[in-house]
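> Got a sequence here, can you model it:
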Amino acid sequence: MPFSYHPRRTGRRLLGGAVALGLLAASCSSGSSHSTATTQAPAGDHPNVVFILTDDMAMAELQYMPHVQQLIGDQGATFDNYFISDTECCPSRTTTLRGQYSHNTGVHTNTEADGGFETAHRLGIEDQTVATQLQSDGYRTALYGKYLNGYPHTATNWKYVPPGWTEWASPIQGAISEFNYTLNHDGAKQVHGSAPEDYAADVYTDMSLGYAGRAVQDKAPFFLYYGFYAPHSPSTPAPRHENDFPGLTAPRTASFDEQDTSDKPAYVQALSPLPPGEIKTIDTQFALRVRSLQAVDDSVVKLVGKLKELGQLDNTYIVFTSDNGYHLGQHRLPPGKGTPYEEDIKVPMFIRGPGITPGTHVSTLTGNVDLASTFEDMAGAKPLGFEDGRSMLPLAKNQASTDGQRQAYLLEHWPDTAPEDEAALRAQAQTEPSEAIPGGTTPTTTATGLDFQSLIPKYSGIRTQRYALFEFPTTGEHELYDLQNDPAEMQNVYGTIDPTIRDQLTARLHELETCQADQCRQDDGQATP
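The predicted structure follows:
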């Protein structure tokens, strides 16, 4: 993507960007410029792996992160069709660590009953993750920031550090506020207040840079997991970015405040058109989200600069993505996630590193189920053995065979409520149509006081290069979109499309929704419309 600053940036932000450009030019140069490095490992000699994960980031917000675009995207591979299989935080993050779809991890939601850290911990899935694999292969491993929703509830105590992590700092209180939080930092409580230097994203960045320096000094390859909370609500920006982008408004996409939702499932049909108060709230939230992401953008500059200083930039894979997307008024939906629509399932994905040609674009269907295999491949570590995905590294290096490439990607969702509660909520929404978000109320709540995300029924679906099919078993509803002719998903063609196409998509979906390991790769590699 092109490097450009949005014209609404404040002068202070522009000045910061101008200062950073000097570092950008140096950081993007070839390996021959590393003469001042303190330590240099030969390219390909146990490469380091850095994973940068944002929280609830929408594709539309990427344009406001020029350093991520230039330093990672332009210097590596952009995955143009990268998706999230289960668009809630904890299921997605569990899939990342295990390389399995949610129907195989058993972590279906963010809540304790069938999801969250509590379920992951109870099922013992932390005992075998990409962290344990890389650590056993001689890598230093560190996680700074967000882990799994609910951590460390139900663990033996707050000092609990999951297996596989050499260094660790994750919140045990005040997780998403960016200020006034407490970390479990390698078994010690670290309390942070409300001073500018306590801003969590900056704290995680400083920890990460120090960790990289120590690992290089000890001549140990490292795996670094940056778990940022931005732009998750309440989307708190760093003080230095509080006044950036004045007047910024959310994108008015083709499906924004969709006028005719009669072909959508009942949970969408129950929504009234967006009133002015809700649109104002959406715009306010979007601006906050973009401001909160500026600290992440800053962090990438510091990271790349540190890796260059250490002589490790050419020996490090840097992966940037989000745990799920986010809708902001599309199809009348109040701000949130959890739906199978493009805004929720499609997120940015960049990989930079050894052997990857700058400016590469990958159109093959990929997703978060592929991350664990990709990290293992980068490190040369032994696979876990139960992964449902496949390494994206050959695609990034233009070395992948066209045979057996993924033709369909599985989508899954379980509601956070019990089935009987789900039915009651849907009934209430239909008898008490929402006027959506009055100005000033919680952005994900309807006028009736319901958490809208709880109204999204259980579903499974598949995304192919051309089509998106969703099935809602508890309601008997279906959606099918021809994305070639209808990229905004405005016309549900389930009842009008050629039945042969619909039947082929349905058959592939039913194979994938129960697949495991090798069978997933066999099923998703078969020709699919």
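
> Quick check: the gap between Y160 and T154.
Noted for Y160: a distance of 9 Å to T154, by Cβ to Cβ, to the nearest Å. Placement of C-beta: from N, CA and C, glycine included.

> Mind checking which of those two has more residues around it?
Using other Cβ atoms under 10 Å as the criterion, Y160 and T154 rank with Y160 on top: 18 against 15.

> Surely that one and N184 touch.
Yes - taking contact to mean Cβ atoms under 8 Å, the distance of 7.5 Å between Y160 and N184 places them in contact.

> Find residues that contact each of these two.
Counting by Cβ atoms under 8 Å, 6 or more residues apart in numbering, the common neighbours of Y160 and N184 are P152.

> Show me the domain layout of the chain.
For the chain, the structural domains run 42-406, 413-524, going by automatic domain parsing.

> Could you single out the most deeply buried of those domains?
domain 42-406 (a mean of 21; mean count of other Cβ atoms under 10 Å).

> distance between it and the chain's centre?
For domain 42-406, the distance between its averaged C-alpha position and the chain's averaged C-alpha position is 4 Å (Cα atoms, centre = their mean, to the nearest Å).

> Please list all residues in contact with D206.
By Cβ under 8 Å, 6+ apart, no residues touch D206.

> give me that answer again for 10 Å
If you count contacts by Cβ atoms under 10 Å, 6 or more residues apart in numbering, D206 has them with 144, 197, 299, 302.

> Just flag the most distant two among those.
Maximum pairwise distance among the contacts of D206 (Cβ to Cβ): 15.9 Å, between Y144 and E197.

> Y481 against I462, yeah?
No - Y481 is beyond contact range of I462, at 11.6 Å (criterion: Cβ atoms under 10 Å).

> shared neighbours of these two, anything?
Taking Cβ under 10 Å, 6+ apart as the contact rule, the neighbours common to Y481 and I462 are 340, 468-470.

> What segments of the stretch 351-500 of the chain are strands?
Taking DSSP state E, counting those that start in this stretch as the criterion, the stretch 351-500 of the chain contains strands spanning 360-362, 366-367, 409-413, 459-463, 467-472, 477-482.

> quick one: contacts of the shortest one?
Here strand 366-367 makes contact (Cβ under 10 Å, 6+ apart) with 79-85, 92, 95, 101, 321, 345-347, 349, 374, 389-392, 395-396, 405-406, 409-411, 463.

> which residues touch T464?
By Cβ under 10 Å, 6+ apart, T464 lies in contact with 81, 365, 406-409, 483, 504-505, 508, 524, 528-529.

> Now the two most distant members of these.
Using Cβ to Cβ, the contacts of T464 span at most 19.4 Å, a distance reached by N81 and Q504.

> backbone phi and psi for the residue nearest to E167 when sequence neighbours are not counted, please?
The shortest distance from E167 to any non-neighbouring residue, by Cβ to Cβ, 6 or more residues apart in numbering, is to A142 (3.9 Å). The phi and psi torsions at A142 (degrees, to the nearest 10) take the values phi -150, psi 140.

> Take the strands of the stretch 351-500 of the chain and write them to CSV, including distance to P335.
Below are those laid out as CSV (distance: least, Cβ to Cβ, whole Å):
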stretch, distance to P335
strand 360-362, 30
strand 366-367, 23
strand 409-413, 17
strand 459-463, 20
strand 467-472, 21
strand 477-482, 21
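
> Serialize the ones you listed to a markdown table and add fields for mean pLDDT.
Formatted as a markdown table, the entries for the strands of the stretch 351-500 of the chain read as follows, by pLDDT from 0 to 100:
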| stretch | mean pLDDT |
| --- | --- |
| strand 360-362 | 98 |
| strand 366-367 | 98 |
| strand 409-413 | 98 |
| strand 459-463 | 98 |
| strand 467-472 | 98 |
| strand 477-482 | 98 |
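
> right, so of those strands, which gets closest to P334?
strand 409-413 (16.9 Å).

> strand partners of the closest one, parallel vs antiparallel please.
Strand partners for strand 409-413, identified by DSSP bridges, are recorded as strand 459-463 (antiparallel).

> Remind me which helix or strand V304 belongs to.
With the criterion set as DSSP states H and E, the secondary-structure element containing V304 is helix 276-309.

> before we move on, what about F350?
Applying DSSP H and E as the criterion places F350 in strand 349-352.

> Neighbouring strands of that strand in the sheet, and parallel or not?
In its sheet, and by DSSP bridges, strand 349-352 pairs with strand 77-79 (antiparallel), strand 316-322 (antiparallel).

> For P415, find the nearest of those.
strand 316-322 (21.8 Å).

> and the closest one, average pLDDT?
What strand 316-322 shows for mean pLDDT is 98.

> what angle separates that strand from helix 276-309?
Using axes from the mean of the first three to the mean of the last three Cα atoms, to 10 degrees, the inter-axis angle of strand 316-322 relative to helix 276-309 is 180 degrees.

> Using CSV, write out the CA atom coordinates for strand 316-322.
Output in CSV follows, covering the C-alpha atoms of strand 316-322 (Å, rounded to 0.1, in the frame of the first residue of the first chain):
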residue,chain,number,x,y,z
THR,A,316,13.6,-11.3,11.5
TYR,A,317,10.1,-12.1,10.3
ILE,A,318,7.6,-9.4,11.3
VAL,A,319,3.9,-10.4,11.1
PHE,A,320,1.2,-7.8,11.5
THR,A,321,-2.6,-8.5,11.7
SER,A,322,-5.7,-8.3,13.9
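
> what about V191, distance to P383?
40 Å.

> From start to finish, how long is stretch 67-87 in a straight line?
Using Cα to Cα, to the nearest Å, one end of stretch 67-87 lies 26 Å from the other.

> quick one: which of the contacts of D206 is nearest T284?
Closest approach between the contacts of D206 and T284, by Cβ to Cβ: S299, at 24.6 Å.

> contacting residues around the residue lying closest to D198 once chain neighbours are set aside?
Counting by Cβ to Cβ, 6+ apart, H192 is the residue found nearest to D198 once chain neighbours are left out, at 4.0 Å. Residues in contact with H192, defined by Cβ under 10 Å, 6+ apart, are 171, 174, 177-183, 198-200, 203.

> Can you tell me which of these end up in helices?
Here DSSP state H is the test, and the contacts of H192 give 200, 203 as lying in helices.

> Let's have the contacts of H192 in CSV, adding distance to Q519 and pLDDT.
Written out in CSV, the entries for the contacts of H192 read as follows (distance: Cβ to Cβ, whole Å; pLDDT from 0 to 100):
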residue, distance to Q519, pLDDT
P171, 38, 97
G174, 43, 91
S177, 43, 91
E178, 42, 97
F179, 47, 97
N180, 47, 97
Y181, 42, 97
T182, 44, 98
L183, 41, 98
D198, 48, 98
Y199, 45, 98
A200, 41, 98
V203, 43, 98
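
> Specify the next element, helix or strand, located C-terminal of the worst-scoring helix or strand of the chain on mean pLDDT.
For the chain, the helix or strand with the lowest mean confidence is helix 11-27, at a mean of 39 (criterion: mean pLDDT, DSSP states H and E). Per DSSP H and E, helix 11-27 leads on to strand 48-54 as the next helix or strand towards the C-terminus.

> Which secondary structure elements does that following strand sit against?
Applying 3 or more Cβ pairs under 10 Å, 6 or more residues apart in numbering; DSSP states H and E, one finds that strand 48-54 makes contact with helix 89-98, helix 130-136, strand 140-145, helix 200-217, strand 222-227, helix 276-309, strand 316-322, helix 371-379.

> That strand: partners in the sheet, and parallel or antiparallel?
Paired neighbours of strand 48-54 in the sheet (DSSP bridges): strand 222-227 (parallel), strand 316-322 (parallel).

> got those strands as JSON lines, with distance to E477 columns?
What follows is those, written out as JSON lines (distance: least, Cβ to Cβ, whole Å):
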{"stretch": "strand 222-227", "distance to E477": "35"}
{"stretch": "strand 316-322", "distance to E477": "28"}
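
> Skipping its backbone neighbours, what lies nearest L328 in space?
Residue nearest to L328 in three dimensions, not counting chain neighbours: A250, with 4.7 Å by Cβ to Cβ, 6+ apart.
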